[in-house]
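Colleague: predicted model and sequence below, questions to follow.
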Amino acid sequence: MDEKMNLDEKKVEFLSFCIEAYKEKLGGVSGAKVSEYFEDCRLLDFLLDNYDLLHTLGREQLTAEMERYLQKWMIK
């Protein structure tokens, strides 16, 4: 069965990937906690708003972009 994902499904998969990648970077933190943190600081919105560019990055580059966003968010 060859099903193609629609754009919304791809974006959900991308967000899940981002949460898992950041969870692994932190170590010892649950995906639920990372997701909650991302939601609180609006990182999920940033990731979705910039999906077209960000989904092409590798894990390390994407994690670095998330770190940059979070640093800027913490300064505000």
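Modeller: Alright, I've got the coordinates.
Colleague: centre of the chain to the one helix or strand residue 44 maps to, how far?
Modeller: Following DSSP states H and E, one finds residue 44 within helix 43-49. Centroid displacement of helix 43-49 relative to its chain, using C-alpha atoms, centre = their mean, to the nearest Å, is 7 Å.
Colleague: same question for stretch 54-74.
Modeller: 8 Å.
Colleague: can you list contacts of the helix or strand containing residue 69?
Modeller: Counting by DSSP H and E, the element that carries residue 69 is helix 59-75. By C-beta atoms under 8 Å, 6 or more residues apart in numbering, the list of residues contacting helix 59-75 from outside reads 18, 21-22, 25, 41-43, 46-47, 54, 57. Where you see a C-beta, it was placed from the backbone N, CA and C, and this is true even at glycine.
Colleague: please indicate which of those residues are buried?
Modeller: Neighbour-count burial (16 or more other C-beta atoms under 10 Å) is assigned, among those, to 18, 21-22, 41, 43, 46-47, 54.
Colleague: run a quick neighbour tally on residue 62.
Modeller: As a burial measure, residue 62 scores 19 neighbours (other C-beta atoms under 10 Å).
Colleague: near the residue nearest to residue 55 when sequence neighbours are not counted, how many other residues are there?
Modeller: Among residues not flanking residue 55 along the chain, residue 14 sits closest, at 5.1 Å (C-beta to C-beta, 6 or more residues apart in numbering). Using other C-beta under 10 Å, residue 14 has 16 neighbouring residues.
Colleague: which ones are touching the spatially most central residue of the chain?
Modeller: Nearest to the geometric centre of the chain sits residue 18, at 3.1 Å (C-alpha atoms, centre = their mean). Applying C-beta under 8 Å, 6+ apart, we find residue 18 in contact with 38, 47, 62, 66.
Colleague: with residue 13 instead?
Modeller: Here residue 13 is in contact with residue 5 (C-beta under 8 Å, 6+ apart).
Colleague: low-confidence regions, this structure specifically.
Modeller: For the chain, residues meeting the criterion pLDDT under 70 lie at 1-2, 76.
Colleague: quick one, longest helix in it?
Modeller: Using DSSP state H, we find that the single longest helix of the chain is helix 7-26.
Colleague: give me the contact list for the helix or strand just after that one.
Modeller: For helix 7-26, the succeeding helix or strand toward the C-terminus, using DSSP H and E, is helix 31-40. Residues outside helix 31-40 that contact it (C-beta under 8 Å, 6+ apart) are 18-20, 22-23, 26, 43-44, 47.
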